[in-house]
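>>> predicted coordinates and the sequence they were generated for:
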Amino acid sequence: MGTNIIHIIRNFSKQFFIVLSFLFPIIATSQNLPEKPNPPKLVNDYTNTLSSDELNSLETKLVSYFDSTSTQIVIVMTDDLLGYDRADYAFKLGEKWGVGQKDKNNGIVILIKPNGKQGERKAFIAVGRGLEPVITDALSKRITDNEMIPNFRENKFYNGLDQATTILMQLASGEFPAGYNKNEKPKTKAFTFFIPIFIIIIVLIMIKKGGSNTMGGGKSTSFWTSLFLLSALNNSGSGSWGGFSSGGGSGSGGGFGGFGGGSFGGGGAGGSW
C-alpha cells in the first residue's frame, strides 16, 4: 500500500513539472513586452523603415488628433513578433502601455511587421473597447486591405500609414468616408474565442482520466495527448500573450504627454503580404 502511494506521488510530481514546463513559456513571454516608451511617443519604428521626416509628420498628426479628441492612435513597427500572433501582440502591447483613456478606452494600436518572406510581413489594427462600436472588425479589415497592404507591397509605408490613420480618425470621430459602410457588421469572433477554452477543458478531462488510469495500474496516453494540446495552444498564440523586439527608434516630434490607461477587448483585424 505504502509503495503504491509513493509511486502515485512520484508519477504525479513528474507529470506536474512536465505540464509546468509547457506553460512556463506562456507565462514568461508576457514579461517580454516593453515598458512605455520614454519619452512617450505615438509613432515607434523599431525597424528604421520610416525616415525622420515621415516619423515627425505622423507623430505631429497623431498628437494633434489626440489633443483635440483624447483618442490615442499608436503605430508600432517591429521585425520580430517572437512567433506570436499579430493580434495577441497588438492587444497585449496596448494593454501594457495603456493606450487610450481609462474612462473611454479609446485607443488604437497599428502594428506593422514590414520585413520577411511573402506571408511573413504582417499588419494589424487593434481597437480599444470604447471604439469597437464605430471601428468594427470589418472596417478594420477593410482599412488593412485597402489602405495599408497595397501601399506596403510597394514599400510605401508612410503612405499606407498616413491613409490608414486618416480613415481611423474619421471613423473615431463619427464620420464615415466613402467606401466605409457604417452599417457593416463585424465578423463574429465567437468561434475563435472558444477554441482555447475548449482545449483547456479537454486537457483537464484528459489529465483527470490519466490520473484515474494510473491509480488503477493501467497505461494511459491521455496525459501525453493533453501535453500535445497544451503545446498546440502555446504555439498557436491563441491566448493574449505577445512578444516585443527591442531596439530601433521612434518619432522625434514633441507634445505627447503620455498614455491614459485604456484597455482592449479583442476588437480589430489585420492581414499579411
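Structure's in. What do you need? Numbering: from 1, shown residues only.

>>> would you map the strands across this protein?
Taking DSSP state E as the test, the strands found in the chain are 43-45, 72-77, 107-113, 122-128, 249-250, 264-272.

>>> what's the closest of these to Thr60?
Of all the strands of the chain, strand 43-45 sits nearest to Thr60, with 9.4 Å by Cβ to Cβ. For the C-beta atoms, the positions are set from N, CA and C on the backbone; glycine is no exception.

>>> against Asn159, how distant is the residue lying closest to Ile108 once chain neighbours are set aside?
Among residues not flanking Ile108 along the chain, Ile73 sits closest, at 4.5 Å (Cβ to Cβ, 6 or more residues apart in numbering). According to Cβ to Cβ, to the nearest Å, Ile73 stands 16 Å off from Asn159.

>>> neighbour-wise, which of the two wins?
Ile73 (28 against 16; other Cβ atoms under 10 Å).

>>> quick one: residues contacting the more buried one.
42, 62, 65-66, 107-108, 110, 165, 168-169 (Cβ atoms under 8 Å, 6 or more residues apart in numbering).

>>> ok, now with 6 Å
62, 108, 165 (Cβ atoms under 6 Å, 6 or more residues apart in numbering).

>>> most surrounded residue in these?
Going by other Cβ under 10 Å, Ile108 tops these with 31 neighbours.

>>> dump the residue contacts of it.
So Ile108 contacts 73, 127, 168 (Cβ under 6 Å, 6+ apart).

>>> same question, Ser263
Counting by Cβ under 6 Å, 6+ apart, Ser263 touches 105, 129.

>>> now swap in the one 4 residues further on and tell me
Residues touching Gly267, when contacts are defined by Cβ under 6 Å, 6+ apart, comprise 127, 132.

>>> and what of Asn105?
Counting by Cβ under 6 Å, 6+ apart, Asn105 has contacts 128-130, 262-263.

>>> out of the contacts of Ile73, who's nearest Asn151?
For the contacts of Ile73, the nearest to Asn151 is Thr165 (12.3 Å; Cβ to Cβ).

>>> against Gln118, how distant is the closest one?
In terms of Cβ to Cβ, Thr165 sits 26 Å off from Gln118.

>>> next: Pro133.
Distance, Pro133 to Gln118, using Cβ to Cβ: 35 Å.

>>> so those two - more neighbours on which side?
Pro133 (10 against 7).

>>> okay, now the nearest residue to Ala172 once chain neighbours are set aside: neighbour count?
Of all residues beyond its chain neighbours, the one nearest Ala172 is Thr71 (5.1 Å), with distances taken as Cβ to Cβ, 6+ apart. Per other Cβ under 10 Å, the neighbour tally for Thr71 reads 23.

>>> and the pLDDT at Thr71?
pLDDT recorded at Thr71 is 96.

>>> now Gly2
Confidence score, pLDDT, at Gly2: 59.

>>> same thing with Gly260?
87.

>>> the one 5 residues further on now?
The confidence metric pLDDT takes the value 90 at Gly265.

>>> give me the distance between it and Gly128.
Distance from Gly265 to Gly128, counting by Cβ to Cβ: 8 Å.

>>> what of Tyr180?
Applying Cβ to Cβ to Tyr180 and Gly128 gives a distance of 18 Å.

>>> burial of the nearest residue to Met148 once chain neighbours are set aside, as a residue count?
Sequence neighbours aside, Gly160 is the residue nearest to Met148 in space, at 4.4 Å (criterion: Cβ to Cβ, 6+ apart). Residues near Gly160, counting by other Cβ under 10 Å, number 25.

>>> contacts only, for Gly160.
With the criterion set at Cβ under 6 Å, 6+ apart, Gly160 makes contact with 148, 151-152.
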